[in-house]
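Participant: Got a sequence here, can you model it:
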Amino acid sequence: MGDRFDADMLLSVKEAAIMNLINAQTGDMLFVVTVLGSAIMGFFLFKKIFLGNSLKLTRLTLPSFFIIVYIILMSFPSIIWFYSLTGPIRYTYFLAVQSALISFPLGVFLANVLLLGSSSRPSGIVKNFLYSRLLKTRHDSYIFPFWILMILLSIVFAIFYILTSSYVPLIGAFTVYGKVPGNIVRHSIFHEGVFIHYTHALVARFLLPFCLLHSYFMAYIYKGRWKYLFWITLLLTMFFFLLTFDRSYPFSIFLFFILAIYFKNKNNQLISTTRFSSTSKIHGLSIIKMRRAISILVIFALAMVFGGIISRAQFNLSFLNLTPILGDSIGFFINRVLLDASFMARVYFNVFDNPSTFLYGKSFHVLISSLFGLEFHPTISPSFVAELWLNFGWAGVLVGTTIIGFILQFIQLSLFRKKSIPILSLYIILLLNGAWIIYGHLLATMVVSVYLLGILFLVFLKKRRVIRPIVN
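Facilitator: Prediction:
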């Protein structure tokens, strides 16, 4: 969700698209309605016949969360960008974006077929994990040394970044605010070298999010000192995330909390069903749902405002007037959160509009290109659909999205069987990490790193029995 293109450019393209939408011809409108409607109907029909409850949108599994976010960020916004394009590529762009609604669940189905030989059917595996209660387990003690190590590594990397960087935006905001050009503030982390850039992203995408989520659930289950450790971890996380003024990391904290609150309240809901009579149970569940909805809305509003404040800090703008902050908050949410992924896909579909321009794997990763003797062709977060297209055309889009659906469901069914605090923390991180694929590269370094680290942790925990103590 970075600033890949100038905001004025995005605004002008958006205005042109809206004008074209207003003046749309009947044929184009019929095409949009037919394709989108057919894709959504095809998705739900395929899901009902072949997937059942193994891909239920009301259950936040890795595949279901991915496809929900995809529909919000890609399927619906692509209508706007369809009308901003000219020529045959506009139809290709729209069809390719919507085709994921069919090819992705196909991958989920293939993962189900592969694992049908297990003791439980896929829908049962999903249900057993999501509807099990979160209690104390031996995993909590197994993971504690790793939690300490992650905290210490995060502190070390933060200190190293501060001491070795020529300009740290957060510190600069208190010392030379308004004196450094906005483009330097916004992109300072990218000029600090590969090591600092990677370690900063690793801390922000995996180490501190895990520590924060783990301490949050530990405070919920164990109470006591973990309440203080949670607040200390939160302050450390916010400080580290604000160092670079990269809006995506502070914004992700709020998303992590929204997911954590959802699963915590889900746990409370499971407990309430065993303690209340039928009438009081319904009343209790209604209160829980209401509190959950209010908490999520408040946190989401704070996330928008936080994004607007950081947007102004990036450009050294004044904070004395609330009106521009509110405008920047809304602009950040609409332009950078909701429209950015589909807009970047639109840009790259327009550039790579015929097979003669395809890269055939050159943009996936510098290591992959060097491995196959190809000249690496860098692209700026094109969204995974556009990256599949600009490399391999229709074959890439259809096969690639199928593979993503397969991998996410395979991880869901094979690694998430029993629930514990560290497993649920890793689960939330992988949920959000899947959404980052929609914005950026399919084989982005951090996406791959987070999945590999998460899988290693899960395999480590899976080899150790989850023994639930007696709960008084």
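Participant: ranges for the helices of the stretch 301-450 of the chain?
Facilitator: According to DSSP state H, counting those that start in this stretch, the stretch 301-450 of the chain carries its helices in the segments 322-331, 340-351, 366-371, 384-415, 421-439, 445-462.
Participant: could you dump these to a markdown table with mean pLDDT?
Facilitator: A markdown table is the format used below for the helices of the stretch 301-450 of the chain (pLDDT from 0 to 100):
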| stretch | mean pLDDT |
| --- | --- |
| helix 322-331 | 79 |
| helix 340-351 | 95 |
| helix 366-371 | 69 |
| helix 384-415 | 96 |
| helix 421-439 | 94 |
| helix 445-462 | 92 |
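Participant: Serialize these to TSV and add fields for mean neighbour count.
Facilitator: Every residue, glycine included, has its C-beta placed from N, CA and C. Output for these, formatted as TSV (neighbours: other C-beta atoms under 10 Å):
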stretch	mean neighbour count
helix 322-331	15
helix 340-351	23
helix 366-371	13
helix 384-415	22
helix 421-439	23
helix 445-462	17
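Participant: who wins for proximity to L153 among these?
Facilitator: helix 445-462 (12.2 Å; C-beta to C-beta).
Participant: Let's see that closest one as PDB, backbone CA atoms only.
Facilitator: Extracted C-alpha coordinates of helix 445-462, given in PDB (Å, rounded to 0.1, in the frame of the first residue of the first chain):
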ATOM      1  CA  THR A 445      10.600 -11.600  -0.300                       C
ATOM      2  CA  MET A 446       8.600 -10.800   2.800                       C
ATOM      3  CA  VAL A 447       5.500 -12.800   1.800                       C
ATOM      4  CA  VAL A 448       7.700 -15.900   1.300                       C
ATOM      5  CA  SER A 449       9.700 -15.200   4.500                       C
ATOM      6  CA  VAL A 450       6.600 -14.800   6.700                       C
ATOM      7  CA  TYR A 451       5.000 -18.000   5.300                       C
ATOM      8  CA  LEU A 452       8.300 -20.000   5.700                       C
ATOM      9  CA  LEU A 453       8.800 -18.800   9.300                       C
ATOM     10  CA  GLY A 454       5.200 -19.300  10.200                       C
ATOM     11  CA  ILE A 455       5.200 -22.900   8.800                       C
ATOM     12  CA  LEU A 456       8.500 -23.700  10.600                       C
ATOM     13  CA  PHE A 457       6.900 -22.500  13.900                       C
ATOM     14  CA  LEU A 458       3.700 -24.500  13.200                       C
ATOM     15  CA  VAL A 459       5.700 -27.700  12.400                       C
ATOM     16  CA  PHE A 460       7.700 -27.200  15.600                       C
ATOM     17  CA  LEU A 461       4.500 -26.800  17.700                       C
ATOM     18  CA  LYS A 462       2.800 -29.700  15.800                       C
END
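Participant: Which neighbouring elements make contact with it?
Facilitator: helix 139-164, helix 194-202, helix 384-415, helix 421-439 (3 or more C-beta pairs under 8 Å, 6 or more residues apart in numbering; DSSP states H and E).
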